[in-house]
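1. pasting the structure only:
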Ligand code: MF3
Ligand code: CO
């Protein structure tokens, strides 16, 4: 069942999203070579709780941490631990907050120090994929227009779009209907309406789209060992168009520039 959210509910989700965004901004500014991923996790948990939120991921199907940390060939769902961040790592951080019963979910991929040109390009294109997907959230468009826009852009760069994992509706539950694939033909499926809130989350691989899960039961890696990137926002359809509920003050320049309709001044 797809639940459309009222303006009051979207306002609650915006407050939840602000905690997710502020915490992710802090992590983007803090993650450095020499830190462990579990130090980042502890900072994330403290930041969410200080702001009155609850880390959504802890205990979700037994997940043991506040954030997911996925390095290099890891796609998503890497578990924080004693691993030390290294110069040149491509780090994806995924985080969710529950506030007043409403969930927000967001992810970024960042560079630890200097990264290869190849990694930088993958990171940039994946972020563009997210913003192009969001731009399809217009009344009258179909659900598959989102995935189609993501796939077109990623494949134009020769990248693989992960198919085994998808975006999702979000609200009082982290994962609600509908599923939001990052691929597909345009003009199919649900007609998008005001009140729909989605987590759009392209997972884009430098090589093949194929992935596998490690023996820890969580960490998803690329089948070919090449790099992967992941960006995610929680977005509400409103009468004024898509509203990103997890927009950050760090990295915002990149998001905002891509989000701005063509021709509109900065
Ligand atoms: N952003 C991820 C998702 O949408 C978060 C799930 S991680 C989990 O699926 F640990 F909570 F499962
Ligand atoms: Co998600």
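-> Noted; the coordinates are in hand. Note that the coordinates shown come from a computational prediction; the quantities given were computed from them, not determined experimentally. Ligands and ions are numbered 1, 2, ... in the order given.

2. Contact distance from ligand 1 - what residues of this structure qualify?
-> With Cβ under 6 Å from any ligand atom as the criterion, the chain comes near ligand 1 at residues 57, 60-61, 63, 68, 77, 94, 96, 105, 107, 199, 232. For every residue, glycine as well, the C-beta is placed using N, CA and C.

3. got the buried residues for stretch 239-248?
-> 241-248 (16 or more other Cβ atoms under 10 Å).

4. actually stretch 30-48, not the one I wrote
-> Buried, per 16+ other Cβ under 10 Å, within stretch 30-48: 31, 37-41, 43-45, 47-48.

5. Report the contact partners of whichever residue of the stretch 151-266 of the chain sits closest to ligand 2.
-> With Cβ to the ion, the shortest gap between the stretch 151-266 of the chain and ligand 2 falls at residue 199, namely 4.1 Å. Applying Cβ atoms under 8 Å, 6 or more residues apart in numbering, one finds that residue 199 lies in contact with 105-106, 167-170, 180, 232-235.

6. Please repeat the previous calculation with a cut-off of 6 Å.
-> 105, 167-168, 170, 232, 234 (Cβ atoms under 6 Å, 6 or more residues apart in numbering).

7. same question, residue 120
-> Under the criterion of Cβ under 6 Å, 6+ apart, residue 120 has no neighbours.

8. what's downstream of whichever strand or helix holds it, the next helix or strand?
-> Assignment of secondary structure by DSSP states H and E places residue 120 within helix 117-135. Proceeding N to C from helix 117-135, the next assigned helix or strand is helix 144-156, under DSSP H and E.

9. Let me know the angle separating that next one from helix 117-135.
-> Computed by axes from the mean of the first three to the mean of the last three Cα atoms, to 10 degrees, the angle separating helix 144-156 from helix 117-135 equals 160 degrees.

10. could you give the mean pLDDT of helix 144-156?
-> Here helix 144-156 scores 98 as its mean pLDDT.

11. In it, which residues are buried?
-> Buried-residue list, helix 144-156, by 16+ other Cβ under 10 Å: 144-151, 153-154.

12. Give me the buried positions along the helix holding residue 120.
-> For helix 117-135, by 16+ other Cβ under 10 Å, it's 119, 122-123, 125-135.

13. looking only at pLDDT, what's the mean for it?
-> For helix 117-135, mean pLDDT rounds to 95.

14. Same question for stretch 203-210.
-> Stretch 203-210 comes out at a mean pLDDT of 98.

15. about what we covered before: can you tell me which of the buried residues of helix 117-135 lies closest to ligand 2?
-> residue 130 (11.7 Å).

16. List the contacts of the closest one.
-> 202, 231.

17. thinking again about what came up before, pipe the buried residues of stretch 239-248 into a markdown table and attach secondary structure and pLDDT per row.
-> Output for the buried residues of stretch 239-248, formatted as a markdown table (DSSP: H, G, I helix; E, B strand; the rest coil; pLDDT from 0 to 100):
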| residue | secondary structure | pLDDT |
| --- | --- | --- |
| 241 | strand | 92 |
| 242 | strand | 96 |
| 243 | strand | 96 |
| 244 | strand | 96 |
| 245 | coil | 97 |
| 246 | coil | 97 |
| 247 | coil | 94 |
| 248 | coil | 91 |
